[in-house]
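Q: dropping a prediction and its sequence here:
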Amino acid sequence: MSDDAVIEMSGVAVANPHGSDVPVVASVDWRVVRGECWVVAGQQGSGKTTVIETAAGLRPASRGEVRLFGEPLPSSAGEAMARLRQRVGFVFQGAGRLFPDLAVAENIALPLRYHRHLTASESAAELRPLMEAFQLERFAHLAPGRIGRAWARRAGLARAMASRPELVLLDNPLEGLDAVHLRWWRGFLAELVHGHPWLGGKPATVVIATDELRPLLGIGTRFATVDGGCWKVLGDRGAVSASDDPAVRELMDERN
Amino acid sequence: MDTVHLPSRSVSLAAVAAVRARAAGATLRRLVAFTLIAIGTLVTKAGKSPQVMRPLMTEQVFRVGVKLVPIVCFLGITLGIVIVGQIVTVLQTVGAVKFTGMLLVTVVIRELAPLVAGLVVLARVGTASVIELATARALGEVEALEALGIDPIHYLVVPRVVGFTVAVATLTAHFVLLALVSGYAFAFARGLPLTLTGYFGDIATALSWADFPLLALKTSLFGAVTGMIICYQGLSQALRLEEVGAATTRTVAQCVVGCLCIDALFVPLYLLL
């Protein structure tokens, strides 16, 4: 267990989110090192979301050990877990799971206001560069239901980034985007991996769950798949390109 | 034929009753566990994140309390005429005017007002809150809060329970005041020989100092229990659309039972006064 390990999962059985006793993924052995960008690919319903939610401590593992930043995940949701989660940014699939009773800007500022006790004006001043970089200023005072799904997802990303996390997990971020948004997201992810100004130019540790490997092949540095309840680490880009695994080929060729 | 069917029917009824009792016991255990967690959160996180929590609590107090002032005032006036007016009239008729204060304190202040305030809050805001929380749960907002390191109990439950507690207590005060005044107005309009000072003097005499903290405690408990059951029913499981109706009905039934149980607990205390 070295100091630069961000996620460590050993012998983890990923629990079924729908309550069944049969785990979604039987055994995950995974180590994410600081600065890496992992792409976890799998078909819809394969369990990749549940794997990254388990890694982020949002779901308990039914077996095995999960460590975040070298610390075992606390068994209960207390202050220790809350502190750990503030170091992690999680971007949900779809419309970003924004809170419908808060405006877009309030959604993004919520973690800062809750954890750092900033006033509305203080948080707005601090988040201005992020809002500008994400082109969200014009939606700031709108309710999430009044903006498009792609913009809502971007706002969800901004909310996850607000507290300058060390680890960013994204669930299917490129799903269903038009060309303009797709280009923005790919540019953002590349910048995140190499060092985003919002994070002080330091490369972030990134995990991306996806059902399409090809758009992320140039961004990810390490790759894994979830297929038929099995976790498989593929390796780097070369290993993915060279893989003759039919599941990997299918994920590469999807919608190609 | 009856002799053949009756035993099996009684056995099946007993079995159904046993299953229902076990289910009710399990629900009660989960509700108590939820309540203990919420109380723990309320105590340990008191004063945490005031920039976020104060507006949430204010919003709930406004939504559950302030917005219901008109309907509670209306009920206070009408029930004051119907109940207080009739009590005063009947007592005058049978020559038992000296019991006016005692009866009004027992019926209106101790019993009717807390129940009416609790039921109005439950009907007007409680059922909507169950749907709101169940939808939040189904749409993954609870996980979104957890992902941000925000305790969902602190963010979603505490403001609602505080809002319901404050609202039921203050709405009860509004109801009491208006019911007593409108009851007197009704009696006055009917030409009953009752002076304002005599009427309120009787009530003041019948009231004990302990009535004030007991009423505050009782109404606060009504609000807290109602808020807790609503939050539990809304958040305990992700509801599908077709389950929402059953969940709201369950909530109403459990809140009424909860409030009546609390009411029953206060009876011995009142008898001591």
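A: Sure thing, it's come through. Numbers count the residues shown, from 1 in each chain, chains lettered A, B, ... in the order given.
Q: how about the lengthiest helix in chain A: buried residues?
A: The residue-count maximum for a helix in chain A (DSSP state H) belongs to helix A:179-194. Neighbour-count burial for helix A:179-194 flags A:His181, A:Trp185, A:Arg186, A:Phe188, A:Leu189, A:Glu191, A:Leu192, A:Val193 (criterion: 16 or more other Cβ atoms under 10 Å in any protein chain shown). C-beta: built from backbone N, CA, C; applies to glycine.
Q: tally of neighbours for the closest residue to B:Thr170 other than its chain neighbours?
A: Counting by Cβ to Cβ, 6 or more residues apart in numbering or on different chains, the nearest residue to B:Thr170 once its immediate chain neighbours are dropped is B:Gly65, at 5.6 Å. Applying other Cβ atoms under 10 Å in any protein chain shown, we find 24 residues neighbouring B:Gly65.
Q: isn't B:Gly65 up against B:Thr172?
A: No: using Cβ atoms under 8 Å as the test, B:Gly65 is too far from B:Thr172 to be in contact (10.8 Å).
Q: ranges for the helices of the stretch 101-250 of chain B?
A: B:113-121, B:127-138, B:141-147, B:152, B:158-189, B:196-206, B:211-235, B:244-272 (DSSP state H, counting those that start in this stretch).
Q: output these in CSV; the columns should cover mean pLDDT.
A: Shown next, in CSV, are these (pLDDT from 0 to 100):
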stretch, mean pLDDT
helix B:113-121, 96
helix B:127-138, 90
helix B:141-147, 93
helix B:152, 94
helix B:158-189, 94
helix B:196-206, 91
helix B:211-235, 95
helix B:244-272, 91
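Q: quickly compare those helices and say which is most buried.
A: Of all the helices of the stretch 101-250 of chain B, helix B:113-121 carries the top mean neighbour count, a mean of 25, counting by mean count of other Cβ atoms under 10 Å in any protein chain shown.
Q: leaving out the residues flanking it, which one is nearest to A:Thr119?
A: The nearest residue in space to A:Thr119 (Cβ to Cβ, 6+ apart) is B:Gln51, at 6.0 Å.
Q: which element is that neighbour on?
A: Here B:Gln51 sits within helix B:50-64, counting by DSSP states H and E.
Q: show me what secondary structure element comes after that helix.
A: helix B:69-79.
Q: can you give me the buried ones in that following helix?
A: Quick answer for helix B:69-79 (16+ other Cβ under 10 Å): B:Val72, B:Cys73, B:Leu75, B:Gly76, B:Ile77, B:Leu79.
Q: the fourth one reaches B:Leu177, doesn't it?
A: Yes: distance between B:Gly76 and B:Leu177: 7.2 Å, which falls inside the contact criterion (Cβ under 8 Å).
Q: in a helix, A:Thr225, correct?
A: No: assigned with DSSP: H, G, I helix; E, B strand; the rest coil, A:Thr225 falls outside any helix and is strand.
Q: let's see the pLDDT reported for it.
A: Note for A:Thr225: predicted pLDDT of 93.
Q: what is the burial count for it?
A: 25.
Q: for it, give me its contacts.
A: Neighbour list for A:Thr225: A:Val40, A:Ala41, A:Gly42, A:Trp231, A:Lys232, A:Leu234, A:Asp245, A:Ala247, A:Val248, A:Leu251 [criterion: Cβ atoms under 8 Å, 6 or more residues apart in numbering or on different chains].
Q: and what of A:Pro17?
A: A:Val24, A:Thr50, A:Glu53, A:Arg59.
Q: now name the helix or strand holding the third one.
A: Meaning A:Glu53. helix A:48-55.
Q: picking that back up, what's the closest of the contacts of A:Pro17 to chain B?
A: Distance to chain B across the contacts of A:Pro17 (Cβ to the nearest Cβ) is lowest for A:Glu53, with 7.6 Å.
Q: surely that closest one and A:Arg59 touch.
A: Yes: using Cβ under 8 Å, A:Glu53 is in contact with A:Arg59, at 4.7 Å.
Q: packing partners for the helix or strand that the helix holding A:Glu53 is followed by?
A: Next in sequence after helix A:48-55, counting helices and strands by DSSP H and E, comes strand A:61-68. Here strand A:61-68 touches strand A:5-14, helix A:48-55, going by 3 or more Cβ pairs under 8 Å, 6 or more residues apart in numbering or on different chains; DSSP states H and E.
Q: and for the following helix or strand past the longest one, what's in contact with it?
A: Scanning the chain past strand A:5-14 towards its C-terminal end, the next helix or strand to appear is strand A:25-33 (assignment: DSSP H and E). Defining contact as Cβ under 8 Å, 6+ apart, one finds that strand A:25-33 is touched by A:2, A:4-14, A:38, A:47, A:50-51, A:54-55, A:64, A:167, A:205, A:207, A:222, A:224, A:226, A:229-231, A:233.
Q: was I right about B:Thr41 contacting B:Ile150?
A: No: with contacts defined as Cβ under 8 Å, B:Thr41 does not count as touching B:Ile150, sitting 11.6 Å away.
Q: which one's more surrounded, these two?
A: Just comparing B:Thr41 and B:Ile150: by other Cβ under 10 Å the higher neighbour count belongs to B:Ile150, 22 against 19.
Q: what are the phi and psi values for that one?
A: Main-chain torsions, B:Ile150, degrees, to the nearest 10: phi -100, psi 130.
Q: tell me the spacing between the closest residue to it other than its chain neighbours and A:Val24.
A: Of all residues not flanking B:Ile150 in the chain, A:Tyr114 sits nearest, at 5.3 Å (Cβ to Cβ, 6+ apart). According to Cβ to Cβ, to the nearest Å, A:Tyr114 and A:Val24 sit 31 Å apart.
Q: check A:Leu98 too.
A: 26 Å.
Q: so which of the two has more stuff around it?
A: A count of neighbours by other Cβ under 10 Å puts A:Leu98 above the other of A:Leu98 and A:Val24, at 27 against 24.
Q: spell out which parts of the stretch 151-256 of chain A neighbour chain B.
A: A:Arg159, A:Ala160, A:Ser163 (Cβ under 8 Å from any Cβ of the partner chain).
Q: top of the residues you listed by number of neighbours, please.
A: A:Arg159 (31 neighbours).
Q: for that residue, what are its contacts?
A: Counted by Cβ under 8 Å, 6+ apart, A:Arg159 has contacts A:Gly96, A:Leu98, A:Asn107, A:Ile108, A:Leu110, A:Pro111, B:Leu148.
Q: which phi and psi does the last one have?
A: Which is B:Leu148. phi -90, psi 0.
Q: who's the closest spatial neighbour of it, skipping the chain neighbours?
A: Nearest non-adjacent residue to B:Leu148 (Cβ to Cβ, 6+ apart): A:Pro111, at 4.7 Å.
Q: measure that neighbour to B:Asp263 for me?
A: 42 Å.
Q: A:Thr210 reaches A:Arg186, doesn't it?
A: No: judged on Cβ under 8 Å, A:Thr210 makes no contact with A:Arg186 at a distance of 12.0 Å.
Q: intersection of neighbour lists for the two?
A: A:Leu174.
Q: right, I'll leave it there.
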